[in-house]
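Visitor: Please find the sequence and the predicted model below.
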Number of protein chains: 2
Amino acid sequence: MGVVLSLEDGKRQLASIGPLMTLTKADMGRVNELILSKAGSDVELIPEVANHLVSSGGKRLRPMITLAAAKMFGYEGDSDVKLATSVEFMHTATLLHDDVVDESDLRRGRATARMIWGNQASVLVGDFLLGQAFRMMVEVGSLDALDVLSAAATIIAEGEVMQLAAAQNLETTEDEYLAVIRAKTAALFSAAAEVGPIIAGASKAERAALRSFGTNLGLAFQLVDDALDYGGSAQDLGKNTGDDFREGKVTLPVLLSYRRGTSEERAFWKNAIENGVTDDSELEKAIGLMTRYGAIGDTVQRASHFGEIARDALAPMGDTEQKSALIEVIDFCISRVN
Amino acid sequence: MGVVLSLEDGKRQLASIGPLMTLTKADMGRVNELILSKAGSDVELIPEVANHLVSSGGKRLRPMITLAAAKMFGYEGDSDVKLATSVEFMHTATLLHDDVVDESDLRRGRATARMIWGNQASVLVGDFLLGQAFRMMVEVGSLDALDVLSAAATIIAEGEVMQLAAAQNLETTEDEYLAVIRAKTAALFSAAAEVGPIIAGASKAERAALRSFGTNLGLAFQLVDDALDYGGSAQDLGKNTGDDFREGKVTLPVLLSYRRGTSEERAFWKNAIENGVTDDSELEKAIGLMTRYGAIGDTVQRASHFGEIARDALAPMGDTEQKSALIEVIDFCISRVN
C-alpha cells in the first residue's frame, strides 16, 4: 500500500540528516558520553533501564538540533553539550512515561522497558532522568535556558493529558488535535532549538526564529509519524504498523477519514477506536478507507505546510552550514513517508 | 495493640506543630493560593486530579519548613512562598507516582487518584506538577536553590528505585534501609529546609545546619511512619494499618523482627512479604511478632536518635520563634506514635 505523493521538488526525497550528523559528530560523541555518565547510578536498575532506551537506536534528532542551533550563532563553550543531553533525557523520560500511559509493548522494534522491568521502573527511571536533566541545566546556569526547558516540561505533560482526554474521541477537531501535538511533541523541538541561540547570546529575533523552526519542524515530524503508523513496516518505523490504531489513538489520518466518511464508515471507526481491535483485517480496512479519502497523503500535505513555515523561520538567518543542515532535516522528516 | 514507649520527657508527648502553623499562617495562605493557581490548566483533568490531592488534608509540613527556615534568617521577599509551593508540588508529584508504583488504593484515607482517574492521569499530572515546580524555582532565579532542589528530585527518584530493588528482600540491612529512606524521604525535607537560608543569603554554616536538620527530621519522620503502619488506625493515619505489610514492603519494624526471629518466624515473614497476604490474621500475627521483639518501639527509638541530631543541628542557630517551632516539630513527629 504505497502512499503516492507529488512533491514539487524531486530532490526532497533525497534529503538526509547526514549533513546534520556530520556537523554535530564530534559534539554528539560528547553528548553520548555524558548520557552514559549521567544515566549512571549505584542503583543498578537505573543504568540498566536507561541504557536499554539510550542504546535503542533513536536518531537523537533533538540534541543534534540543540548543538547545531548553538553553533549557528558561533557558540564555543561546552554548555551546548550539556543542554543537548538534557533535551535527550527529557525526551527519554517522556518515552518511558508514555509507554506506561499507552501500555505499549514495542518501541523502535524492541520490547519497551515496562515490558522488561515493569511499569514501576519505567515511571521512576523516567523521574530520575528528568531530575538529571534539570541538574545539567542548572549546571549550565542560564536562567533563560532553564525557563524555556522547564516550561517545555510542563507543556509536554499538559499535552499528554490533553491526548488522554481526547483519546478515542472521534469528534476531536483538527485544531484540537494540532493543539495536542503542539504541546506533546513540538514543545520539546521548539525548546531544543531555542536554547542554542540563548546560550550563544543571540538576539531576541534569532531566538524567536529558532523557536519557530523547532515548533513547526516538531509539528511536521509528528504528523509524518502519524501517517507512517498506517503506511510503513515495523522495520522501517521501529514501531509496529497500526500501533496507534490498536491503541485506539485518534491521529490526523483517522480524524480526516472519519470526517470524510459515510455514516456506515463512521460506525466502523467508532467501533474500532472505542472498543479496540486486535484483528489485522480491521487495520487493513482502516488503511483502505484512508487511501480512499486521501487521508494519509493529506496528513503529509499538512506536515509539508508546517515544514514550509519552519523553512521560512530560518530564511532571515545568515547562511551557515548549520542552517543548511537544519533545513535539510525538514525535508528529511517529510520524505520519510516515501 | 498499644505501643508502649518510655519517653524521658513527658512534655514531648504534648509537642505540636501548632507553633509552626501559627508562625507560617499568613504565608501558607499565599502558598495555598499559589498551589491552586499553578495546579490550574485549561486541560480540565489536571486541576481535577491536582485538587484531589491538594485538598486531601496533608499537613503541608514541607512548605512550612521552607517558610520558617527562610524567616529564621530574616528573609523578607516573596521567593519563600514560591519555593515552598515548589517543594509541595515535588512532594505531590512523588505521591502521584508512588501510588502508581505501589498500586495503592487509599492515601490519607481517600481513594488514590489512580483509582479514580487511572494510572495514566497519575503519571502525567505528576509530571505536570514537577514541571510547574521547576518553573516556579526558575522564576525565583536562585541557581543555588535550583541546584539543591533539582539534586533532590534526582535523589528521590533514585531512592524510589532502590526501594523497588530492595522490596521484598528481607536480607536488606538496616544501613541499606536507611540509605533508601535518606533518599526517598529525607532528601526533600533536607532541600525544603536548606532553600530557606539560601534565599535569605545566610552563611554556609547556616545552610549546612538547616540541611542537617531537614535530613534528620526526614529520617525520623519516615521511621515513625513505618512504625505507625503497624500501630495506628486508618483514621489517625490517613492510611490503612498494615498497608506496607500488604504491599510486601520491608520497613524497619519488619527487618528488625525478621533478624531477631526464629527460623520458623523468618519463614512466616518470607511467605508474607514475598507472596503477599490479604488475610487480617496474618497482619495480627506480624504485629504480635513485632511486639514480642520490641521492633516497633525500637524503630521509634531509632527515630528519636535522628531527632536528637536534628535538634543539635539547630542548636548553634540564634534563638528565634522559628527555631523553637522547628524543634517542636521534631518532638511532634516522634510523639505521633503514641
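Guide: Thanks, I have it. Numbering: from 1, shown residues only, chains lettered A, B, ... in the order given.

Visitor: Around chain B, which positions in the stretch 101-250 of chain A sit nearby?
Guide: A:101, A:119-121, A:123-125, A:127-128, A:130-132, A:134-135, A:137-138, A:141, A:143, A:146-147, A:150-151, A:153-158, A:160-162, A:164-165 (C-beta under 8 Å from any C-beta of the partner chain). Every C-beta, even on glycine, is put in place using the N, C-alpha and C of the backbone.

Visitor: Quick check: which element contains A:Phe89?
Guide: helix A:79-102 (DSSP states H and E).

Visitor: Heading C-terminal from that helix, find the next helix or strand.
Guide: The helix or strand immediately downstream of helix A:79-102 is strand A:106-107, counting by DSSP H and E.

Visitor: Partner strands of that following strand and their direction?
Guide: strand A:110-111 (antiparallel) (DSSP bridges).

Visitor: For the helix or strand just after the partner strand, give the mean pLDDT please.
Guide: Using DSSP H and E, the next helix or strand after strand A:110-111 towards the C-terminus is helix A:113-140. Mean per-residue pLDDT for helix A:113-140: 92.

Visitor: what helices or strands is helix A:113-140 leaning on?
Guide: For helix A:113-140, the packing partners by 3 or more C-beta pairs under 8 Å, 6 or more residues apart in numbering or on different chains; DSSP states H and E come out as helix A:18-38, helix A:45-54, helix A:79-102, helix A:143-166, helix B:79-102, helix B:113-140, helix B:143-166.

Visitor: three-state assignment of A:Gly74?
Guide: On the three-state scheme (DSSP: H, G, I helix; E, B strand; the rest coil), A:Gly74 is labelled coil.

Visitor: that older thread, buried subset of the residues of the stretch 101-250 of chain A next to chain B?
Guide: A:101, A:119-121, A:123-125, A:127-128, A:130-132, A:134-135, A:137-138, A:143, A:146-147, A:150-151, A:153-158, A:160-162, A:164-165 (16 or more other C-beta atoms under 10 Å in any protein chain shown).

Visitor: Let me know the angle separating the helix holding A:Phe89 from helix A:143-166.
Guide: 10 degrees (axes from the mean of the first three to the mean of the last three C-alpha atoms, to 10 degrees).

Visitor: Just put the helices and strands packed on helix A:113-140 in CSV and tack on distance to B:Leu326.
Guide: Formatted as CSV, the helices and strands packed on helix A:113-140 follow (distance: least, C-beta to C-beta, whole Å):
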stretch, distance to B:Leu326
helix A:18-38, 35
helix A:45-54, 33
helix A:79-102, 34
helix A:143-166, 30
helix B:79-102, 14
helix B:113-140, 22
helix B:143-166, 18
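
Visitor: Just tell me which of these ends up closest to B:Cys333.
Guide: helix B:79-102 (15.6 Å; C-beta to C-beta).

Visitor: ok, that closest one near chain A or not?
Guide: Yes. Looking at helix B:79-102 against chain A by C-beta under 8 Å from any C-beta, the contacts come from B:97, B:100-101.

Visitor: gap between that helix and the chain center?
Guide: Centre-to-centre, helix B:79-102 and its host chain are 11 Å apart (C-alpha atoms, centre = their mean, to the nearest Å).

Visitor: Could you list every helix and strand in contact with it?
Guide: The contact analysis (3+ C-beta pairs under 8 Å, 6+ apart) places helix B:79-102 against helix A:113-140, helix B:18-38, helix B:45-54, helix B:61-71, helix B:113-140, helix B:143-166, helix B:187-199.

Visitor: switch the cut-off to 10 Å
Guide: Applying 3 or more C-beta pairs under 10 Å, 6 or more residues apart in numbering or on different chains; DSSP states H and E, one finds that helix B:79-102 contacts helix A:113-140, helix B:18-38, helix B:45-54, helix B:61-71, strand B:106-107, helix B:113-140, helix B:143-166, helix B:187-199.

Visitor: Which of the helices and strands packed on helix A:113-140 has the lowest mean pLDDT?
Guide: Per-stretch mean pLDDT for the helices and strands packed on helix A:113-140 is lowest at helix A:45-54 (a mean of 83).

Visitor: helices or strands up against that one?
Guide: Going by 3+ C-beta pairs under 10 Å, 6+ apart, helix A:45-54 lies up against helix A:18-38, helix A:79-102, strand A:110-111, helix A:113-140, helix B:143-166.

Visitor: May I see these arranged in a markdown table, with distance to B:Arg207 as well?
Guide: Output for the helices and strands packed on helix A:45-54, formatted as a markdown table (distance: least, C-beta to C-beta, whole Å):
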| stretch | distance to B:Arg207 |
| --- | --- |
| helix A:18-38 | 25 |
| helix A:79-102 | 25 |
| strand A:110-111 | 45 |
| helix A:113-140 | 16 |
| helix B:143-166 | 8 |
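
Visitor: where does the stretch 201-338 of chain A have low pLDDT?
Guide: Low-confidence segments of the stretch 201-338 of chain A, defined by pLDDT under 70: A:232-240, A:338.

Visitor: ok, for the residue in it that chain B sits nearest to, nearest residue in space, not its chain neighbours?
Guide: The stretch 201-338 of chain A approaches chain B most closely through A:Glu247 (11.7 Å), counting by C-beta to the nearest C-beta. Closest residue to A:Glu247 in three dimensions, ignoring its sequence neighbours and counting by C-beta to C-beta, 6 or more residues apart in numbering or on different chains: A:Asp102, at 5.6 Å.

Visitor: Was I right to think that neighbour contacts A:Ala167?
Guide: Yes. Using C-beta atoms under 10 Å, A:Asp102 is in contact with A:Ala167, at 9.4 Å.

Visitor: shared neighbours of those two, anything?
Guide: Jointly contacting A:Asp102 and A:Ala167 under the rule C-beta atoms under 10 Å, 6 or more residues apart in numbering or on different chains are A:247-249, B:120.

Visitor: Buried ones from the residues you listed, can you make that a ChimeraX selection?
Guide: To isolate the buried members of the shared contacts of A:Asp102 and A:Ala167 in ChimeraX, using 16+ other C-beta under 10 Å:
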select /A:248,249 /B:120
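
Visitor: Make a markdown table from the shared contacts of A:Asp102 and A:Ala167 and add distance to B:Arg114 to it.
Guide: Compiled in a markdown table, the shared contacts of A:Asp102 and A:Ala167 are given as follows (distance: C-beta to C-beta, whole Å):
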| residue | distance to B:Arg114 |
| --- | --- |
| A:Glu247 | 19 |
| A:Gly248 | 20 |
| A:Lys249 | 21 |
| B:Gln120 | 9 |
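
Visitor: Looking at the shared contacts of A:Asp102 and A:Ala167, which one is closest to A:Leu23?
Guide: A:Lys249 (34.7 Å).

Visitor: Pull the contacting residues for that closest one.
Guide: A:102, A:163, A:166-168, A:226, A:229, A:243, A:273.

Visitor: Filter those down to the buried ones.
Guide: By neighbour count, with 16+ other C-beta under 10 Å, these hold A:102, A:163, A:166-168, A:226, A:229, A:243, A:273 as buried.

Visitor: hang on, isn't A:Phe268 packed against A:Thr262?
Guide: Yes. Counting by C-beta under 10 Å, A:Phe268 does reach A:Thr262; the two are 9.4 Å apart.

Visitor: And these two? Which one has more around it.
Guide: A:Phe268 (17 against 9; other C-beta atoms under 10 Å in any protein chain shown).

Visitor: and the more buried one, what element?
Guide: Going by DSSP H and E, A:Phe268 is part of helix A:263-275.

Visitor: Extract the CA atoms of that helix and return them as PDB.
Guide: C-alpha atoms of helix A:263-275 as PDB (Å, rounded to 0.1, in the frame of the first residue of the first chain):
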ATOM      1  CA  SER A 263     -22.200   7.200   8.400                       C
ATOM      2  CA  GLU A 264     -21.500   3.500   8.000                       C
ATOM      3  CA  GLU A 265     -17.800   4.100   7.800                       C
ATOM      4  CA  ARG A 266     -18.000   6.300  10.900                       C
ATOM      5  CA  ALA A 267     -19.600   3.500  12.700                       C
ATOM      6  CA  PHE A 268     -16.700   1.300  11.700                       C
ATOM      7  CA  TRP A 269     -14.200   3.900  13.100                       C
ATOM      8  CA  LYS A 270     -16.200   4.400  16.300                       C
ATOM      9  CA  ASN A 271     -16.200   0.700  17.000                       C
ATOM     10  CA  ALA A 272     -12.600   0.200  16.100                       C
ATOM     11  CA  ILE A 273     -11.300   3.200  18.200                       C
ATOM     12  CA  GLU A 274     -13.600   2.900  21.100                       C
ATOM     13  CA  ASN A 275     -13.600  -0.900  21.500                       C
END
